[in-house]
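Peer 1: Build the 3D model from these lines:
(one chain, ligands or ions: 1)
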Amino acid sequence: MTVERFEFQTEARQMLDLMIHSVYSNKDIFLRELISNGSDALDKLRVESLTNEKVVMPSEPKIIITADREARIISVQDNGIGMSREEIIENIGTIAKSGTREFMATLAERREQGEAVSAELIGQFGVGFYSAFMVADRMELVTRRAGSDEAWKWESTGDGTYTLEEASKDEPGTVVTLHLKETSEDLDDYTSEWKIKNIVKQYSDFVSYPVTMLVEREKESEVSEEGEEGTEKSTEKVVTEETLNSMKAIWRRRAEEVEEKEHNEFYHNAFYDPADPLKTIHLKAEGTQEYYALLYIPSNAPYDLYMPESVRGVQLYVKRVFIMDDAKELLPTWLRFVRGVVDSEDLPLNISREILQQNRAIRAIRNRLTKKTLETLSEMLKSDREKYLQFWNQFGPVLKEGLFQDYEYQKNILDVTLFDSTKADGKRTLAEYIEQMPEGENDIWYLAGDDPSVVANSPHLEAFREKGQEVLLLSDRIDPVWTSNVPEYEGKKFRSVASGDVDLAGEEEKKEREEERKKKAQEHALLLTHLKEILQEKVKEVRFSGRLTSSPAIVVSDEGEINPQLEKIMRSMGQEMPKQKRVLELNPNHGVVERMGKIFEAKQDDPLLEDYAHLLYGGALIAEGEMPPDPVGYGKLVAKLMAGE
Ligand code: ADP
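Peer 2: Coordinates of the predicted model:
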């Protein structure tokens with residue numbers, strides 16, 4: 001029999017070189033690659049059997065793994081289409097696929113730039129058949145093309161050449177045999193039943209043909225020997241064939257055929273969440289791209305939802321083969337609580353995280369899934385308010401991150417955002433707020449702070465309460481951030497009750513009150529200036545307020561200024577922020593103003609005025625849930641006044 005020797009094509013040689021000489025983080029994927037080659041071969045055979053009568057589908061299509069620990073051998077066998085001599089040369093000796101060539105180009109570029117080619121990067125890539133050289137120093141492939149009697153044996157040590165010779169094989173299909181390298185690593189692990197089962201479960205569970213393994217099991221049998229009394233137990237080794245994969249890719253079934261029970265079971269197993277999902281989104285996309293998506297909105301937020309490393313995203317499959325967990329690119333971070341699977345028909349198996357980031361097809365999938373998720377939420381809000389509330393309580397603040405991260409979806413997110421309010425018992429949507437707006441009102445009033453009870457009792461709300469004007473109460477950590485980024489909703493401006501000059505009165509009344517306020521301001525002009533001088537380190541102005549009815553004082557920001565909550569958040573994130581001085585507003589109708597007026601009249605530099613100024617400023621901060629600048633001094637001042645000193 002003649003043995004012919006061939007050279008690998010240049011790119012194939014480069015690839016082999018990488019496989020053999022780099023250190024990989026994830027060698028396990030070689031098995032995934034070989035199994036999916038077997039599965040592809042069976043798919044091809046099925047297609048060809050439809051038109052070519054010489055080619056028939058086997059009665060039991062399958063992929064069989066065998067391992068021999070002593071001989072350090074693992075093999076993967078399929079009864080698929082097989083390859084002719086020409087096909088071997090064409091498919092195995094060369095790299096034709098554009099994805100793989102792209103990958104090689106990226107790596108070559110990095111090497112040229114002197115960068116070390118990271119193990120991570122390579123590990124994330126599927127690199128097909130050649131990946132076997134990560135673990136093997138010799139490989140054999142025996143194959144027989146369906147519809148032909150000839151069989152061929154291909155063999156290589158990955159050194160740039162391979163050999164081909166005639167062989168014999170009983171049935172069509174391919175057997176790939178790896179001789180595991182002798183290294184310090186435990187590569188012979190790959191012959192262990194446990195290891196193989198784990199890899200198949202992780203990567204190839206949903207391959208549509210059975211992936212089986214021949215395993216030896218000890219069986220006890222009773223033997224009676226001649227001439228001896230009774231029976232004796234002996235153990236016998238029996239080889240059985242076990243199927244390792246479940247093949248149940250429920251996302252590939254029609255949505256209406258999958259029962260809730262099945263969803264729940266799949267969800268628990270795939271995402272390690274003992275609770276049932278709150279909502280299921282199941283879709284099949286056809287057209288320019290074909291893919292299946294099965295998304296779940298969990299019932300409960302995971303403990304690490306707000307930790308920076310927590311982003312988990314969805315799993316990416318290509319043709320039922322697991323590619324990666326946490327494919328961040330498939331959903332925006334503000335939907336990071338969504339779990340699920342995307343299974344593409346068109347992406348290459350060897351797609352990397354890096355390529356995902358630039359891939360237009362991926363961006364299109366992400367847009368579609370984002371829209372679909374928001375639509376689902378909107379439907380849920382309309383049809384099942386209670387369930388939606390459950391969702392909102394778990395994930396609302398995360399969803400709101402999208403308001404300043406993805407302007408494209410701002411409106412859709414606001415549509416499904418819920419708010420506490422001074423009026424409604426439960427939560428309100430913006431549409432509901434707008435519906436209840438008084439005639440002529442054009443602003444959506446809100447108050448943001450970090451503590452719900454402080455916000456709800458804030459003196460900022462007094463005038464609004466009195467007027468019966470509804471104010472939305474925001475107390476999620478994220479609220480100060482988005483409110484400073486979102487100007488309006490449905491043509492209505494968002495306005496904070498805590499900034500700018502607020503006067504809620506009608507036009508007539510407003511004029512009147514303005515007059516009154518002016519008069520008072522004139523009357524007390526010197527007092528206000530004096531108070532400002534006392535507090536000049538702390539505030540930039542002291543003026544009379546149009547928003548207070550019962551509280552004596554309040555601190556406000558000027559319109560357009562960054563609000564103090566946001567300032568605090570930025571600072572807690574390590575951002576340097578100049579401390580902005582705010583405005584102290586006094587209630588012109590409060591007794592304390594009268595009192596100060598009298599003291600001031602009697603003695604302009606009465607030290608009591610200084611105490612009053614600090615007390616009013618400190619009290620205004622406390623009402624906001626803040627600390628006065630000198631808490632101890634503040635306490636002493638209060639006690640001093642109480643003692644009547
Ligand atoms: P990919 O599977 O991504 O195309 P591979 O390097 O794994 O890349 O395989 C190259 C080609 O070799 C395949 O496209 C296929 O034509 C052929 N091939 C590999 N394994 C088998 C097999 N078990 N049966 C038939 N053909 C195979």
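
Peer 1: Quick check: residue 550 vs residue 587, distance?
Peer 2: Per C-beta to C-beta, to the nearest Å, residue 550 is found 8 Å from residue 587. All C-beta spots, glycine's among them, are computed from the backbone N, C-alpha and C.

Peer 1: Who has more neighbours out of those two?
Peer 2: Taking neighbours as other C-beta atoms under 10 Å, residue 550 and residue 587 compare with residue 587 leading, 23 against 12.

Peer 1: Which residues are in contact with the more buried one?
Peer 2: 544-545, 548-554, 593 (C-beta atoms under 8 Å, 6 or more residues apart in numbering).

Peer 1: do you know how far the nearest residue to it once chain neighbours are set aside is from residue 586?
Peer 2: Residue nearest to residue 587 in three dimensions, not counting chain neighbours: residue 548, with 3.9 Å by C-beta to C-beta, 6 or more residues apart in numbering. Applying C-beta to C-beta, the value for residue 548 to residue 586 is 8 Å.

Peer 1: if you count what's nearby, which of the two comes out ahead?
Peer 2: Neighbours per residue, other C-beta under 10 Å: of residue 548 and residue 586, the larger number sits with residue 586, 25 against 22.

Peer 1: Look up which residues are beta-bridged to that one.
Peer 2: residue 544, residue 553 (DSSP bridges).

Peer 1: Now do the same contact list for it.
Peer 2: Neighbouring residues of residue 586 by C-beta under 8 Å, 6+ apart: 528, 542-545, 548, 552-553, 592-593, 616.

Peer 1: Could you dump these into a markdown table and include distance to the ligand?
Peer 2: Below are the contacts of residue 586 laid out as a markdown table (distance: C-beta to the nearest ligand atom, whole Å):
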| residue | distance to the ligand |
| --- | --- |
| 528 | 78 |
| 542 | 74 |
| 543 | 73 |
| 544 | 76 |
| 545 | 71 |
| 548 | 72 |
| 552 | 75 |
| 553 | 72 |
| 592 | 80 |
| 593 | 81 |
| 616 | 74 |
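
Peer 1: now for the contacts of residue 587, which pair is the farthest apart?
Peer 2: With C-beta to C-beta as the measure, no two of these lie farther apart than 544 and 550, at 15.1 Å.

Peer 1: Give me the helices and strands touching the helix or strand where residue 566 lies, please.
Peer 2: In this structure, residue 566 sits in helix 564-572 according to DSSP states H and E. The contact analysis (3 or more C-beta pairs under 8 Å, 6 or more residues apart in numbering; DSSP states H and E) places helix 564-572 against helix 479-483.

Peer 1: What are the contacting residues of the very next helix or strand once past the helix it packs on?
Peer 2: Per DSSP H and E, the first helix or strand lying C-terminal to helix 479-483 is strand 488-489. Strand 488-489 has contacts (C-beta under 8 Å, 6+ apart) with 411, 414, 430, 434, 444, 494.

Peer 1: What parts of the stretch 51-200 of the chain come near the ligand?
Peer 2: 78, 80-83, 91-92, 97, 128-129, 174 (C-beta under 6 Å from any ligand atom).

Peer 1: got these as TSV, with pLDDT columns?
Peer 2: Output for those, formatted as TSV (pLDDT from 0 to 100):
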residue	pLDDT
78	98
80	97
81	97
82	97
83	97
91	87
92	87
97	58
128	77
129	85
174	98
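
Peer 1: In strands, which of these appear?
Peer 2: Among these, the members found in strands (DSSP state E) are 78, 174.

Peer 1: Among the residues of the stretch 51-200 of the chain next to the ligand, which one lies nearest to residue 631?
Peer 2: Once C-beta to C-beta is applied, the member of those that ends up nearest residue 631 is residue 128, at 67.7 Å.

Peer 1: how near is the closest one to residue 627?
Peer 2: From residue 128 across to residue 627, the span is 63 Å (C-beta to C-beta).

Peer 1: Same drill for these two, tell me which one is more crowded.
Peer 2: The residue with more neighbours, out of residue 128 and residue 627, is residue 128; 22 against 11, by other C-beta under 10 Å.

Peer 1: Any idea how many residues pack against the residue in the stretch 401-550 of the chain that the ligand sits nearest to?
Peer 2: Here the residue of the stretch 401-550 of the chain nearest the ligand is residue 406; by C-beta to the nearest ligand atom that distance is 34.4 Å. Other residues within reach of residue 406 by the criterion other C-beta under 10 Å amount to 16.

Peer 1: show me the contacts for it.
Peer 2: With contact set as C-beta under 8 Å, 6+ apart, residue 406 has these partners: 332, 334, 370.
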